[in-house]
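*Asks:* Sharing a sequence plus its predicted fold:
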Amino acid sequence: MTATVAVGALLAALPATPGDSLGFKPGEPALRAGVSFEPDQLHAGIQAWLGPSLAGFRMRPSLDLGAGNGVLMGSLNADLLRRLGRPAARFRPFVGGGPGLNLVDVTSGVGEARGLEAKLAGSLVAGLARGRHALIEARIGFGDTPQLKLTVGLWF
């Protein structure tokens, strides 16, 4: 959780730059937490929208740290998501997906001695946002990543 706070502080401390007018400054940072399956874990992290909207899609990178089932996992996701519905709607669904990088450390069981390994992954994402206050999200993973992640988040 300490890394999550550090990433949040880093995002909040980014200075204004000429790129702000192009929409490259991170926006709507949120804390996120949830459960993962295969491996079964609890995870927590941070996310923010980044860059301009292109053809209705916008980048929303996220960083999650997971623990459980004898595995420690850090996940960096580079999702392209599209918000659906009217911008003023109280609830707005979103869909998308993208590539990811997982840093995996098996702490007990088979493979324990291998140490930290980097694994490429991909995912499909669908969720529902309530204004700019909260979200619920499901992530289906492909490759060396949890098969399913269920996440809730709160913007700050």
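*Replies:* Yep, that arrived. Numbers count the residues shown, from 1 in each chain.

*Asks:* Please report how far the residue nearest to the spatial centre of the chain lies from Val104.
*Replies:* The C-alpha lying nearest the average C-alpha coordinate of the chain belongs to Ser62 (CA atoms, centre = their mean; 3.0 Å). Going from Ser62 to Val104 by CB to CB, to the nearest Å gives 17 Å. Every C-beta, even on glycine, is put in place using the N, C-alpha and C of the backbone.

*Asks:* now do Leu76
*Replies:* When distance is defined by CB to CB, Leu76 is 12 Å away from Val104.

*Asks:* okay, those two: which has more neighbours?
*Replies:* Summary of the neighbour comparison: Leu76 and Val104, criterion other CB atoms under 10 Å, with Val104 having more neighbours (20 against 15).

*Asks:* What average pLDDT does the strand or helix carrying that one get?
*Replies:* With elements taken from DSSP states H and E, the one containing Val104 is strand 91-106. Along strand 91-106, the predicted confidence averages to a pLDDT of 94.

*Asks:* Packing partners of that strand?
*Replies:* Judged by 3 or more CB pairs under 8 Å, 6 or more residues apart in numbering; DSSP states H and E, strand 91-106 is in contact with strand 71-83, strand 116-130.

*Asks:* can you redo those as TSV with distance to Gly143 and mean pLDDT?
*Replies:* Conversion of the helices and strands packed on strand 91-106 to TSV gives the following (distance: least, CB to CB, whole Å; pLDDT from 0 to 100):
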stretch	distance to Gly143	mean pLDDT
strand 71-83	11	94
strand 116-130	4	94
